[in-house]
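Peer 1: A structural model of the following input is requested.
(4 chains)
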Number of protein chains: 2
Amino acid sequence: MPNQGQIGPREREILTAIIETYISSGEPVGSRTLSRQNKDGLSPATIRNVMADLVDAGFLEQPHTSAGRVPTAQAYRYYVDQISGKALLSPADQSLISETLQGTVDIQQFLERTSHVLSLVSSGVGVAIASAGPQNALEHVHFSRQGPNKVLAVVVTKSGVVHDRMMRLQRDLEQTDLDTASNYINANFRGWTVDKVKAEIGRRIEHERSEYDRLMQSLKELYESGALATSEPAKNIFVDGVSNLVVKEEDHERLRELLKTLEEKQRVAELLSAYLDTRQEAVRVVIGLEEAMPEMRNLVLIGAPARVGEEMRGSLAVIGPTRMDYQHTITAVSYIAQLFDKLLNENA
Amino acid sequence: MPNQGQIGPREREILTAIIETYISSGEPVGSRTLSRQNKDGLSPATIRNVMADLVDAGFLEQPHTSAGRVPTAQAYRYYVDQISGKALLSPADQSLISETLQGTVDIQQFLERTSHVLSLVSSGVGVAIASAGPQNALEHVHFSRQGPNKVLAVVVTKSGVVHDRMMRLQRDLEQTDLDTASNYINANFRGWTVDKVKAEIGRRIEHERSEYDRLMQSLKELYESGALATSEPAKNIFVDGVSNLVVKEEDHERLRELLKTLEEKQRVAELLSAYLDTRQEAVRVVIGLEEAMPEMRNLVLIGAPARVGEEMRGSLAVIGPTRMDYQHTITAVSYIAQLFDKLLNENA
DNA sequence: ATTAGCACTCTCCATCTTCAAGTGCTATCT
DNA sequence: AGATAGCACTTGAAGATGGAGAGTGCTAAT
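Peer 2: Predicted coordinates for the structure are as follows:
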């Protein structure tokens, strides 16, 4: 790649113009079109020269010899760097977002509405996730007997995520035994991370293998039935607006693959966690998703983590076509991410 | 419509052959093709005569003058009546289904897996719903204090559906108050339908408006915050395999509309409840969904209700193209519906 | 440095032709 | 009388052909 970054102000201006024209028109942009819309009266020929340079530098491509130019992934990255942080959220969007999200207490509900509103404002796919991982701090557990050998376990984490899980036990436990067990856990382990709680309970069962203790027996029974599993990951992954990806040109086979991937919410979660991390708090724009998943060619991820202290507790993102309104979407994601952060921290 | 039902055995055989050929090939079927594959050596000319009659009777259509014939909705209905109840579930499917579904205690989990496995065996969209309506019988409630003015309500119904709901109260209640309230409700109202419980509690609050009673105060607080709302309907509607609807020919605009509808799970639920009722317990095949929703042209619904006694407590269905393997799908739906019924009744 | 001019390339579109499949009708066969 | 063979006719799909339009690269002139 020759002259990678070698672009002066003239080139930059033209590149930006090309990208914006392409985003709004969707068609390869030629030198004449550009010369007409550009206020400085540059002639097509001049522009062509610049374009040739930009092709050399890897910012533009030609679908075929005699078509206009199309921005490459590199061009989009450059463009996003240029504009980032410049725009303001339109009042319309702002009120749409706050009206949709206000009055949610429940994390699940918040996530659902977030994914929806993201898909609306971006015309892409909206994703919202609360990490259900066992890294979360325990707030509270409750067990209730639902029938012979059947127990409902409810685990609430500090961040406000609720897990319920119906279990079948080996032995039948009385409700009083269950209450004793939950009291014990709540009294001793509130604030610990869920996996530490699990490990510690496992240890105590092992060590104090005393027959005498009815409590330990109950704990063992519950422990072995997986009462503290916080998995059930799909419950905290919300994906909305998939229909936005159905556009004219898409090749059918690819589209099908794409939808299939988006239906497996677990994979969407992997995608986000691969690209978002807590080190940086701002919105991250990833151009060129095909490196991670080939069916995501031509798609872009605009996402942000939501954190409590140093830990990532959730994330939200828009997945959309490379041709999208970046300013708009970035500001929207950023705004909602702040709300999300606030919600999580208020619960913590 | 002349000669509606006037078809003899010869016509019927040919009609069936046409439908099956069309289902497997997807292309209009002509007289020559049919004459070749049909064991009885009928000549194309003869078949053409019969075909002409079938067109008159409303069973076939021609895309244009010189193309083969295509079955109409009426033909599919006829076909389904003919074959229904004939086929057996293939061992492969049977084991796929039972392996996927065995070991689920949790209704939500069962629904999720059901929708998935339905989409797999049918190559259509799998839908599974547990009716979350307030008609369900109450098994158990539990309240737990999550912070200042913040309470988590867990409502479990007899059929095994768990609702959790985070609420913000006007007043701050102690955990002991919450326990008293939940004990009161569980002791007095277990087995009542949820809406009756709500009505009765409303009445008691109203009548016994005694200041003296701390319990009534707590109940009132909880009642007014909607502790007993079982809505949150989307949580119990599972739709899977939407990507199966992306096939070659589909017109893009229509496909987009279709996906949009399927994303609004509430609308899918309406569709099912419109066509399935408890009066008949067998699998129902609805051909011609466009009457209810225009974007569903060329789609078929194959569904069954799941009942406890006389009441509908859930339903499951496949939504797929008119060109589908009816025998196969019908038997699969029927088999899973039995499992679903069993699961619900075992909990009841 | 910028631009005008020009020959060249490539896609898109409309038109035309050919081809195969299928039909309806009529005359013929059993 | 029902079944069939033959035949003329219709129609869409698949190429082939030929501008028109948009765009390019290069060279020479400003």
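Peer 1: Give the buried residues for the longest helix seen in chain A.
Peer 2: With secondary structure taken from DSSP state H, chain A has its longest helix at helix A:326-347. Residues A:326-337, A:339-341, A:343-344, A:347 are the ones in helix A:326-347 that count as buried (16 or more other Cβ atoms under 10 Å in any protein chain shown). The way it works is simple: take the backbone N, C-alpha and C, and place the C-beta from them, glycine included.
Peer 1: roughly how far is it from the heart of the chain?
Peer 2: Distance, stretch centre to chain centre, for helix A:326-347: 12 Å (Cα atoms, centre = their mean, to the nearest Å).
Peer 1: That one packs against which elements?
Peer 2: Contacts defined by 3 or more Cβ pairs under 8 Å, 6 or more residues apart in numbering or on different chains; DSSP states H and E place helix A:326-347 against helix A:73-83, helix A:91-101, helix A:107-122, strand A:299-308, strand A:311-321.
Peer 1: tell me what the third one is packed against?
Peer 2: Using 3+ Cβ pairs under 8 Å, 6+ apart as the contact definition, the elements that helix A:107-122 packs against are helix A:91-101, strand A:125-130, strand A:237-240, strand A:311-321, helix A:326-347.
Peer 1: Among these, single out whichever gets nearest to A:Asp177.
Peer 2: Nearest of these to A:Asp177, taken as Cβ to Cβ: helix A:326-347 at 30.2 Å.
Peer 1: Next, the angle strand A:311-321 makes with the closest one.
Peer 2: Angle of helix A:326-347 versus strand A:311-321, following axes from the mean of the first three to the mean of the last three Cα atoms, to 10 degrees, is 160 degrees.
Peer 1: Turn the helices and strands packed on helix A:107-122 into CSV, columns for distance to B:Arg204 and mean pLDDT.
Peer 2: Below are those laid out as CSV (distance: least, Cβ to Cβ, whole Å; pLDDT from 0 to 100):
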stretch, distance to B:Arg204, mean pLDDT
helix A:91-101, 36, 95
strand A:125-130, 37, 96
strand A:237-240, 38, 96
strand A:311-321, 41, 89
helix A:326-347, 33, 90
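Peer 1: so which of the ones you listed gets nearest B:Pro9?
Peer 2: Distance to B:Pro9, taken as Cβ to Cβ, is lowest for strand A:237-240 among these, at 52.1 Å.
Peer 1: Please list the outside residues in contact with the helix or strand that comes right after that closest one.
Peer 2: Downstream of strand A:237-240, the first helix or strand assigned by DSSP states H and E is helix A:252-263. For helix A:252-263, contacts defined as Cβ atoms under 8 Å, 6 or more residues apart in numbering or on different chains pick out A:125, A:239, A:242, A:245-246, A:267-268, A:293, A:295-297, A:299, A:319, B:240-243, B:246-248, B:250, B:259.
Peer 1: Return the residues of the stretch 151-300 of chain A in contact with chain B.
Peer 2: Counting by Cβ under 8 Å from any Cβ of the partner chain, the stretch 151-300 of chain A comes close to chain B at A:152, A:154, A:156, A:160, A:162, A:164-168, A:232, A:234-235, A:240-243, A:246-248, A:250, A:252, A:255-257, A:259-260, A:263.
Peer 1: Show me just the buried residues among those residues.
Peer 2: A:152, A:154, A:156, A:160, A:162, A:164-167, A:234-235, A:240-243, A:246, A:250, A:255-257, A:259-260, A:263.
Peer 1: How about the contacts made by whichever residue of the stretch 1-150 of chain A sits closest to DNA strand D?
Peer 2: Nearest residue of the stretch 1-150 of chain A to DNA strand D: A:Gly30, at 2.6 Å (Cβ to the nearest atom of the strand). By Cβ under 8 Å, 6+ apart, A:Gly30 lies in contact with A:Ala67, A:Gly68, A:Arg69.
Peer 1: Could you point out which of those is nearest to B:Arg12?
Peer 2: Of the contacts of A:Gly30, the one sitting nearest to B:Arg12 (Cβ to Cβ) turns out to be A:Ala67, at 57.2 Å.
Peer 1: Grab the nearest non-local neighbour of that closest one.
Peer 2: Among residues not flanking A:Ala67 along the chain, A:Pro28 sits closest, at 4.7 Å (Cβ to Cβ, 6 or more residues apart in numbering or on different chains).
Peer 1: For A:Ala87, what is the enclosing helix or strand?
Peer 2: Judged by DSSP H and E, A:Ala87 forms part of no helix or strand.
Peer 1: Likewise for A:Val70?
Peer 2: Element membership for A:Val70, per DSSP H and E: strand A:70-71.
Peer 1: Against which helices or strands is that strand packed?
Peer 2: Using 3+ Cβ pairs under 8 Å, 6+ apart, the elements in contact with strand A:70-71 are helix A:9-25, strand A:60-61.
Peer 1: Contacts for the longest one next, please.
Peer 2: Okay, so that is helix A:9-25. Residues from elsewhere that reach helix A:9-25, judged by Cβ under 8 Å, 6+ apart: A:7, A:28-29, A:33-34, A:37-38, A:47, A:50-51, A:53-54, A:59-60, A:69-71, A:75-76, A:78-79, A:82, A:323-325.
Peer 1: likewise the last one?
Peer 2: Strand A:60-61 is contacted from outside by A:Leu15, A:Ile18, A:Met51, A:Leu54, A:Val55, A:Arg69, A:Val70, A:Pro71, A:Thr72, A:Ala75, using Cβ under 8 Å, 6+ apart.
Peer 1: Roughly how far does the first one sit from chain B?
Peer 2: Taking Cβ to the nearest Cβ, to the nearest Å as the measure, A:Leu15 falls 31 Å from chain B.
Peer 1: Give me the neighbour count for the residue lying closest to A:Thr100 once chain neighbours are set aside.
Peer 2: Counting by Cβ to Cβ, 6+ apart, A:Thr100 lies nearest to A:Val117, which is 4.7 Å off, once chain neighbours are set aside. A:Val117 sits with 23 neighbouring residues when counted by other Cβ atoms under 10 Å in any protein chain shown.
Peer 1: The residue in the stretch 201-348 of chain A that DNA strand D sits nearest to and DNA strand C, how far apart?
Peer 2: Per Cβ to the nearest atom of the strand, A:His252 is where the stretch 201-348 of chain A lies closest to DNA strand D, at 16.0 Å. Taking Cβ to the nearest atom of the strand, to the nearest Å as the measure, A:His252 falls 18 Å from DNA strand C.
Peer 1: Likewise for A:Thr329?
Peer 2: A:Thr329 sits 28 Å away from DNA strand C, going by Cβ to the nearest atom of the strand.
Peer 1: Could I get the contacting residues of that residue?
Peer 2: Taking Cβ under 8 Å, 6+ apart as the test, what A:Thr329 contacts is A:Val121, A:Ser122, A:Gly124, A:Ile302, A:Val318, A:Gly320.
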